[in-house]
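this one's structure only:
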């Protein structure tokens, strides 16, 4: 098999597995309750070079060719949506997430806190992902856990459909993939990370990714094992926090590895494909990315997953037009 046809490593974005598809949940009413304020930043838009300038991504991820993009002005959250934000949404609308509706979600095996009978299985090809009954945004590592004291951590076990429902209620939207990369770069082009080309300049941790030997020996060297608070590390040049590592972030685009070759110059948005197996873009990497297996914490890195997939390392941030 040619390298471009091979599936790249899937350590981070857990596939949906064998869940029975559920109908789309209803869109919450935008008038119910009051969203917590979003600490967002206004960006002027303009031109930038999008894609992997180092040509070191997985070919099947479609990070090439590097191409010019011109964006209109927009606003984007300084942090991912937190448990506190999502709790306000659920209390106002009684929304039920895809993970709650399915009854299971994916949890990294080393962090799972559950009874053996609640382990529904391991995901094919990625045995470090456990499908756990009762894992959801309120129980991020299994039914024996909760989110008390984690108000400032990113909400996880959120599907793309859940993220869109939150956005509809809050009067926000998901950022396009191009907006996300422009914002993540913080005004600098052709760098691996928001801060430069070295993952740990001078030995200093600048993001929350997996420390230790993946997947069985996490050390929490950077101070955290699973999610870290949303302002753990300094912001990038535009004021955004944790655009590398911590949790994957849903974008508005459909996932197409060939998209960059035909992407329009101005405000590109890859159409969302139809069908339950269609994939949608995720950006930023997560606390499970590791250089020995998956280096998708670079600003150019991308992956995709189905709209109803959820896991303990997947969240989102929102955007808005100015």
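That came in fine, so what should we check first? Please read all numbers here as calculations on a predicted model, not as lab measurements.

quick one: mean pLDDT for stretch 147-164?
For stretch 147-164, the mean per-residue pLDDT is 98.

what residues sit buried inside it?
Using 16 or more other CB atoms under 10 Å as the test for burial, stretch 147-164 gives 147, 150, 153-164. Every C-beta, even on glycine, is put in place using the N, C-alpha and C of the backbone.

of the residues you listed, closest to residue 240?
For those, the minimum distance to residue 240 (CB to CB) is 13.2 Å, reached by residue 154.

partners of that closest one in the sheet?
residue 82 (DSSP bridges).

residue contacts, it?
If a contact means CB atoms under 8 Å, 6 or more residues apart in numbering, then residue 154 has 79-83, 227, 230, 242, 246-247, 315 as its contacts.

ok, which stretches of the protein are helices?
Assigned by DSSP state H, the chain shows helices spanning 83-93, 98-102, 160-170, 177-185.

quick one: the buried residues of stretch 147-164 as TSV, columns for distance to residue 70 too.
TSV is the format used below for those (distance: CB to CB, whole Å):
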residue	distance to residue 70
147	40
150	39
153	35
154	30
155	32
156	33
157	36
158	30
159	31
160	26
161	30
162	31
163	26
164	26
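
what's the closest non-adjacent residue to residue 218?
Nearest non-adjacent residue to residue 218, counting by CB to CB, 6 or more residues apart in numbering: residue 212, 4.6 Å away.

how far away is that neighbour from residue 72?
Plainly put, residue 212 is 42 Å away from residue 72 if you go by CB to CB, to the nearest Å.

most tightly surrounded among the helices of the chain?
The highest mean neighbour count among the helices of the chain, using mean count of other CB atoms under 10 Å, belongs to helix 177-185: a mean of 25.

residues making contact with it?
41, 43, 45, 48, 50, 69, 71, 74, 76, 175, 191, 194, 236-238, 240, 243-244, 249, 251-253, 263, 267-270, 281, 283-284, 299-300, 302, 319.

report pLDDT for the residue lying closest to residue 200 once chain neighbours are set aside.
Spatial nearest neighbour of residue 200, excluding adjacent residues (CB to CB, 6+ apart): residue 206 at 6.8 Å. Note for residue 206: predicted pLDDT of 94.

what's the spacing between residue 182 and residue 229?
Where residue 229 is concerned, residue 182 sits at a distance of 25 Å (CB to CB).

repeat that for residue 119.
In terms of CB to CB, residue 119 sits 28 Å off from residue 229.

how far off centre is stretch 222-231?
Distance, stretch centre to chain centre, for stretch 222-231: 15 Å (CA atoms, centre = their mean, to the nearest Å).

end-to-end on it?
Criterion CA to CA, to the nearest Å; first-to-last residue distance in stretch 222-231 is 14 Å.
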